[in-house]
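A.B. asks: the sequence and its predicted three-dimensional model are supplied below.
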Amino acid sequence: MKIEPISVSDLNKYIKDRVAEDEYLNNVFVKGEISNFKHHYTGHMYFTLKDDKSLIKCIMFKSYTATLNFTPKDGMKVNVFGTVSVFERDGVYQIYCKAMQEDGVGDLYAAYNALKEKLEKEGLFDETHKKKIPLMPKVIGVLTSQTGSVIRDIINVSTRRNKNVYIRLFPVPVQGEGAGDKIARAIKIMNDKKLADVLILARGGGSLEDLWPFNEEVVARAIYDSEIPIISAVGHETDFSISDFVSDLRAPTPSAAAELAVADVEDLKDRIKLYEKRYRTLLSRKLDLMKMRYEKCMKSKAFTDPKRKIQDEYLKLEDLLGKIENTISDKVNKSKMRYVELISKLDALSPLKTLKRGYCISEIDGKVIKSAHDLKENMEIDLKYLDGTKKAKVL
Amino acid sequence: MKEEKSFEELMDDLENIAEELESDKLNLDDSMKKFEEGMKISKLCNEKLESAEKKITILLEKNGEIEEENFDVGV
């Protein structure tokens, strides 16, 4: 009996079909550690998943990677969900991943939420406790790893904004066992020795597990107790750590933290220059105003022709005097006329005038006799003439 | 000895002086005084901005003491 060999392609096709028929292999949920991770420029992810004894190839197509809420990388422990299938060309089987999550992330989330709630209730996130970031801190303290891009980014941004910036790096581990305690201790030392005017607590992006030290209670309390204002910049913009909530200010990225901590010196200089300009404008405006007022004063008659004013007043005085004089002489004249009038009237009425014409006045005992009946026989009377008085007797 | 004013306080002073000069409340003498005061503060601010010297250092613990050394990241 002769056995006809089959082709490699046929074999692989056969295996592929057999694998595809297996319901269990169509929906596997596998845990393992990522290694050999490659994020291809096409957007697909290639990696192997391993445990201490074995490994399996994995691929995650671009259409599925969009749903990831973390960036996978080597050494990360994950759970993947997908389909095991055979890649015929290479004769390999691999997991075509549809979803992936960080292993143990559920526990971490629960712990994160529990601590967040507890600290919030205690008032560690209260706005009233938050300190203002100084405008021009003399020393910027940075707590982060001394290697990596975070410290470089912070130094770059800071020196760009202020070429004379003073940065003090206190190196701390930013992930792993014990990192939280070391971070908390660094915050305390910076405070105790007053080594900075503002602190930046920073770390680059990573998995929730990587960022964990910044979610530890000991770090939260150290931040809360800090006299020095703290800017927290942990992970990417979308990551919120507990240190972000407790700190006085949260920055979306380490670079942004540097921008918040370090004032743009040129910008400040411009602002100061603007004030100087404003002062000059205001003062010269005030001077102009004063000058205008002065000129207006000087233009008034009192200053241009002071004599004229006196002359005016003098004329007015003369005028008044004239009026008074007129009134007085008027009164005198009137009185004079009245006097003459009265005198002439008096003259006309005077009995002397009558006597002149040859009349005499008869009197008895000094009284003028006005009626013939007043006279009796032998009565002695006085006859008054112009030139004298003679006695007479009635017959 | 008066405590040194913070940069914020100096900037606040600058703003306050500008506002006082803007108001009509000051006579010429006081305006001149305020103007001079403002110029003095702006000079002080500029000095504060210029006086610092670039320093990038790393704090290291040695035998329980903190020591400061220059830090070069090769930026």
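C.D. replies: Sure thing, it's come through.
A.B. asks: use CA for all of it now, contacts and neighbours both
C.D. replies: Fine.
A.B. asks: name the residues of chain A found near chain B, please.
C.D. replies: Counting by C-alpha under 8 Å from any C-alpha of the partner chain, the residues of chain A close to chain B are A:134-136, A:138, A:152, A:155-156, A:163-171, A:265, A:269, A:272-273, A:275-276, A:278-280, A:282-283, A:286-287, A:290.
A.B. asks: which of those count as buried?
C.D. replies: A:134-136, A:138, A:152, A:155, A:163-171, A:265, A:269, A:272-273, A:275-276, A:278-280, A:282-283, A:286 (16 or more other C-alpha atoms under 10 Å in any protein chain shown).
A.B. asks: helix or strand: which one has the residue in chain A positioned nearest to chain B?
C.D. replies: Per C-alpha to the nearest C-alpha, residue A:164 is where chain A lies closest to chain B, at 3.8 Å. Here residue A:164 sits in a region with no helix or strand, counting by DSSP states H and E.
A.B. asks: and the longest strand for chain B?
C.D. replies: strand B:55-62 (DSSP state E).
A.B. asks: which helices and strands does the helix or strand following that one pack with?
C.D. replies: Heading C-terminal from strand B:55-62, the first helix or strand you meet, by DSSP H and E, is strand B:65-70. Packing partners of strand B:65-70 (3 or more C-alpha pairs under 8 Å, 6 or more residues apart in numbering or on different chains; DSSP states H and E): strand B:55-62.
A.B. asks: what angle do strand B:65-70 and the strand it packs on make with each other?
C.D. replies: Interaxial angle, strand B:55-62 versus strand B:65-70 (axes from the mean of the first three to the mean of the last three C-alpha atoms, to 10 degrees): 150 degrees.
A.B. asks: that older thread, the residue lying closest to the residue of chain A closest to chain B once chain neighbours are set aside: how many residues sit nearby?
C.D. replies: Distances taken as C-alpha to C-alpha, 6 or more residues apart in numbering or on different chains place residue B:54 nearest to residue A:164, at 3.8 Å, with adjacent residues excluded. Residue B:54: 13 surrounding residues under other C-alpha atoms under 10 Å in any protein chain shown.
A.B. asks: report pLDDT for residue B:54.
C.D. replies: Note on residue B:54: pLDDT of 88.
A.B. asks: I'd like the average pLDDT over stretch A:229-246.
C.D. replies: On average, stretch A:229-246 scores 90.
A.B. asks: same thing with stretch A:150-168?
C.D. replies: 94.
A.B. asks: can you give me how far that stretch is from the chain middle?
C.D. replies: 28 Å (C-alpha atoms, centre = their mean, to the nearest Å).
A.B. asks: what of stretch B:45-57?
C.D. replies: The answer for stretch B:45-57 is 10 Å, by C-alpha atoms, centre = their mean.
A.B. asks: circling back: need the contact list for the residue of chain A closest to chain B.
C.D. replies: By C-alpha atoms under 8 Å, 6 or more residues apart in numbering or on different chains, the contact set of residue A:164 is B:50, B:52-55.
A.B. asks: out of those, who's the most crowded?
C.D. replies: Neighbour-wise, these (other C-alpha under 10 Å) top out at residue B:55, 17 neighbours.
A.B. asks: and that one, how far is that from chain A?
C.D. replies: Distance of residue B:55 to chain A, computed by C-alpha to the nearest C-alpha, to the nearest Å: 5 Å.
A.B. asks: pull the longest helix from chain B.
C.D. replies: Counting by DSSP state H, the longest helix found in chain B is helix B:28-51.
A.B. asks: let me see the mean pLDDT of it.
C.D. replies: Here the average pLDDT along helix B:28-51 is 89.
A.B. asks: mind listing what's buried in that helix?
C.D. replies: B:31-32, B:34-35, B:38-39, B:41-42, B:45-46, B:49.
A.B. asks: the residue most distant from the middle of chain B, which is it?
C.D. replies: residue B:63 (36.5 Å; C-alpha atoms, centre = their mean).
A.B. asks: OK, contacts around the residue in chain B positioned nearest to chain A?
C.D. replies: Chain A sits closest to residue B:54 of chain B, with a gap of 3.8 Å, by C-alpha to the nearest C-alpha. Contact partners of residue B:54, counting by C-alpha under 8 Å, 6+ apart, are A:163-166.
A.B. asks: if you set the cut-off to 10 Å instead, what comes out?
C.D. replies: A:159, A:162-167 (C-alpha atoms under 10 Å, 6 or more residues apart in numbering or on different chains).
A.B. asks: count of residues packed around the nearest residue to residue A:254 once chain neighbours are set aside?
C.D. replies: In space, and not counting its chain neighbours, residue A:254 is closest to residue A:233: 5.2 Å by C-alpha to C-alpha, 6+ apart. Residue A:233: 31 surrounding residues under other C-alpha under 10 Å.
A.B. asks: paired strands for the strand or helix carrying residue A:233, with orientation please.
C.D. replies: Here residue A:233 sits within strand A:230-234, counting by DSSP H and E. For strand A:230-234, the paired strands and their directions (DSSP bridges) read strand A:198-203 (parallel), strand A:249-250 (parallel).
A.B. asks: can you redo those as JSON lines with mean pLDDT and distance to residue A:346?
C.D. replies: Below are the strands paired with strand A:230-234 laid out as JSON lines (pLDDT from 0 to 100; distance: least, C-alpha to C-alpha, whole Å):
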{"stretch": "strand A:198-203", "mean pLDDT": "96", "distance to residue A:346": "122"}
{"stretch": "strand A:249-250", "mean pLDDT": "94", "distance to residue A:346": "121"}
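A.B. asks: mind listing the residues bridging to the residue nearest to residue A:254?
C.D. replies: Assigned bridge partners for residue A:233, using DSSP bridges, are residue A:202.
A.B. asks: how near is it to residue A:91?
C.D. replies: 47 Å (C-alpha to C-alpha, to the nearest Å).
A.B. asks: I'd like to know which elements the longest helix of chain B is packed against.
C.D. replies: helix A:265-299, helix B:7-22 (3 or more C-alpha pairs under 10 Å, 6 or more residues apart in numbering or on different chains; DSSP states H and E).
A.B. asks: any idea which of those helices is most buried?
C.D. replies: Neighbour counts (mean count of other C-alpha atoms under 10 Å in any protein chain shown) averaged over each of these peak at helix B:7-22, with a mean of 17.
A.B. asks: which elements pack onto that helix?
C.D. replies: Against helix B:7-22 (3+ C-alpha pairs under 10 Å, 6+ apart) you get helix A:265-299, helix B:28-51.
A.B. asks: closest one to residue A:384 among these?
C.D. replies: For those, the distance to residue A:384 is smallest for helix A:265-299, at 88.2 Å, taking C-alpha to C-alpha.
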